[in-house]
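Engineer: Need a 3D model of the sequence below.
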Amino acid sequence: MPSFKIDLSTAVVFVATAPEPKMVNKKTGERAVDRETNAGLSTVGLLVSDEGEGNLYQVTVPETGLPEGLMPGMPVRVVGLKARDWENEFNGQKRHGISFRAVAVTAAAAA
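Structural biologist: Numbering: from 1, shown residues only. Below you'll find the model as predicted:
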């Protein structure tokens, strides 16, 4: 499926929830990995504020693109943010949504 770049050049972005490992299977503890680099993936909650509107996004990022110590409330910059739509069927029910993926999340200097 195609993905779409998201322009955050005019947005202010803060960490809403600290990064947590993204799991393929919570029962077995199998962690999701990047298909190209084999780096473990994490999910971080980001609050994006732009043009008077704020939204919360759960963004998947390779562990190599996350600095130590990201905490809620920290201003950050997001590198290479893309959105991709998805659809699957589980137990006979179709589900769909939009997933967000970034190359990196870096600490930003406070304004």
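Engineer: what ranges do the strands span in the chain?
Structural biologist: Along the chain, the segments classed as strands by DSSP state E run 3-5, 12-21, 23-25, 30-31, 41-50, 53-62, 75-79, 82-90, 93-101, 104-107.
Engineer: Now the last one: buried residues?
Structural biologist: What it means is strand 104-107. Of the residues in strand 104-107, those with enough neighbours to count as buried (16 or more other Cβ atoms under 10 Å) are 104, 105. C-beta coordinates here come from the backbone N, C-alpha and C atoms, glycine included.
Engineer: Show me what it pairs with in its sheet, parallel or antiparallel.
Structural biologist: The strands beside strand 104-107 in its sheet (DSSP bridges) come out as strand 75-79 (antiparallel).
Engineer: Quick one: mean pLDDT for the partner strand?
Structural biologist: Averaging the model's pLDDT scores along strand 75-79 yields 96.
Engineer: Next: stretch 38-56.
Structural biologist: For stretch 38-56, the mean per-residue pLDDT is 96.
Engineer: next one: that stretch to chain centre, how far?
Structural biologist: Its chain's C-alpha centre lies 6 Å from the corresponding centre of stretch 38-56 when counted by Cα atoms, centre = their mean, to the nearest Å.
Engineer: Not counting that stretch itself, show me its contacts.
Structural biologist: Applying Cβ atoms under 8 Å, 6 or more residues apart in numbering, the external contacts of stretch 38-56 come out as 8, 10-22, 31-34, 57-64, 66, 70, 76, 78, 105.
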